[in-house]
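**Q** Give me a 3D structure for the following:
(one chain, ligands or ions: 1)
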Amino acid sequence: EGIGVQEYIALKLKVKEWPEPAQKILDGKLPEGANVYFIPATLRPETMYGQTCCFVGPHLDYGVFKVSETEYFVCSERAARNMSFQPGIFPEWGVYPQIAGFKGKDVIGTVVNAPLSVHTEGVRILPMETVKDTKGTAVVTCVPSDSPDDFATVTELAKKADYYCIKKEWAELEILPIIDTPTYGNLTAPKLVAELKIQSPKDTKKLEEAKDKAYREGFYKGTMIYGDFKGKPVEQAKLLVRQQLIDSGDAFNYAE
Ligand code: A2H
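**A** Numbers count the residues shown, from 1 in each chain. Modelled structure (predicted):
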């Protein structure tokens, strides 16, 4: 997308429980005691308190890549390749060993632990049709309070749970107010989705507008109302939460 570098933070969401199709695919491929992580790329680390699920594209291809004897990452092959040419992620420059592969739909329902999320019991991997495999890691963590795309998708998933082959309650975790803004209050994304009358994740044009408004308002005028940096402007909290996640080993820098 244009010139310049996108500086993401990649978060490590540790798998707690695989659904049956994924178990079959992974059978015998992982050593005893190995930890597998979904690694969403985000530009909004300060919102991670409000993660309610994590999205994959159901028709996209994913790999499980070996990072060390005990750590494996789930992401697109494209992202693994990029990571292998960035310091401190894979041990050997340009090498990203893949031990298994699957479609996003094979891992729907996986329970993962989302760092900083108030939902400490874990969140589910759910489908999002608009995830692109040409940016980030093709894994997107869901923060419906502050991302209009995320809010539109969880609303759709809850409405048509049977169609998406999920349990309704997986898409209905409580939405946490994290950031207060002068124009949209403390649930910016739901407010904008209602205001612009966005009906579904397919309203791409209106969602683009909502995303733009939410991002600018949140970043330049938002104040944290939750977490360790409560009371601070978002512009400052973003850097502080990012550093905290990196220091705790729950995230790392990823650029493309
Ligand atoms: B953001 P940019 Cl709270 N396909 O994270 C679709 N969307 C993707 C993606 C992919 N492959 N990879 C990352 N993203 C999303 C949080 C968030 C995000 C909030 C508010 C806005 C927002 C929680 N989801 O993004 O095109 C990720 O969602 C709006 C800009 O590289 C990531 O940050 O600029 C953002 O898009 C990266 O978008």
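**Q** Let's verify the closest residue to Ala251 other than its chain neighbours: helix, strand, or coil?
**A** Spatial nearest neighbour of Ala251, excluding adjacent residues (Cβ to Cβ, 6 or more residues apart in numbering): Leu245 at 3.8 Å. Just so you know, the C-beta spots here come from the backbone N, C-alpha and C atoms, and that holds for glycine as well. Of the three states, Leu245 takes helix according to DSSP: H, G, I helix; E, B strand; the rest coil.
**Q** And the pLDDT for Leu245?
**A** Looking at Leu245, its pLDDT is 98.
**Q** my guess is it meets Met48, correct?
**A** Yes. Look at Leu245 against Met48 with Cβ atoms under 8 Å: they come within range, at 7.2 Å.
**Q** who touches the residue nearest to Ala251 in this structure?
**A** Residues in contact with Leu245 (Cβ atoms under 8 Å, 6 or more residues apart in numbering) are 9, 11, 45, 48, 115-116, 251.
**Q** Quick check: helices, which of those residues are part of them?
**A** Judged by DSSP state H, these include no members of helices.
**Q** Format those as JSON lines; extra columns: pLDDT and neighbour count.
**A** Formatted as JSON lines, the contacts of Leu245 follow (pLDDT from 0 to 100; neighbours: other Cβ atoms under 10 Å):
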{"residue": "Ile9", "pLDDT": "98", "neighbour count": "22"}
{"residue": "Leu11", "pLDDT": "98", "neighbour count": "27"}
{"residue": "Pro45", "pLDDT": "97", "neighbour count": "22"}
{"residue": "Met48", "pLDDT": "98", "neighbour count": "25"}
{"residue": "Pro115", "pLDDT": "98", "neighbour count": "20"}
{"residue": "Leu116", "pLDDT": "98", "neighbour count": "21"}
{"residue": "Ala251", "pLDDT": "98", "neighbour count": "26"}
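**Q** Any chance of those in a markdown table with distance to Gly227 as columns?
**A** Putting the contacts of Leu245 into a markdown table (distance: Cβ to Cβ, whole Å) gives the following:
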| residue | distance to Gly227 |
| --- | --- |
| Ile9 | 16 |
| Leu11 | 15 |
| Pro45 | 11 |
| Met48 | 9 |
| Pro115 | 12 |
| Leu116 | 8 |
| Ala251 | 15 |
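**Q** quick one: which of these is nearest to Ala194?
**A** Nearest to Ala194 out of these is Met48 (Cβ to Cβ; 24.1 Å).
**Q** so after the longest helix seen in the chain, what's the next helix or strand?
**A** What stands out as the longest helix in the chain, according to DSSP H, is helix 204-221. Following helix 204-221 in sequence order, the next helix or strand is strand 223-224 (DSSP states H and E).
**Q** From the rest of the structure, what touches that next one?
**A** Residues from elsewhere that reach strand 223-224 (Cβ under 8 Å, 6+ apart): 46, 178-181, 230-234, 237.
**Q** How many residues are close by the residue in the chain that the ligand sits nearest to?
**A** The ligand sits closest to Gly136 of the chain, with a gap of 2.9 Å, by Cβ to the nearest ligand atom. For Gly136, the neighbour count with other Cβ atoms under 10 Å is 24.
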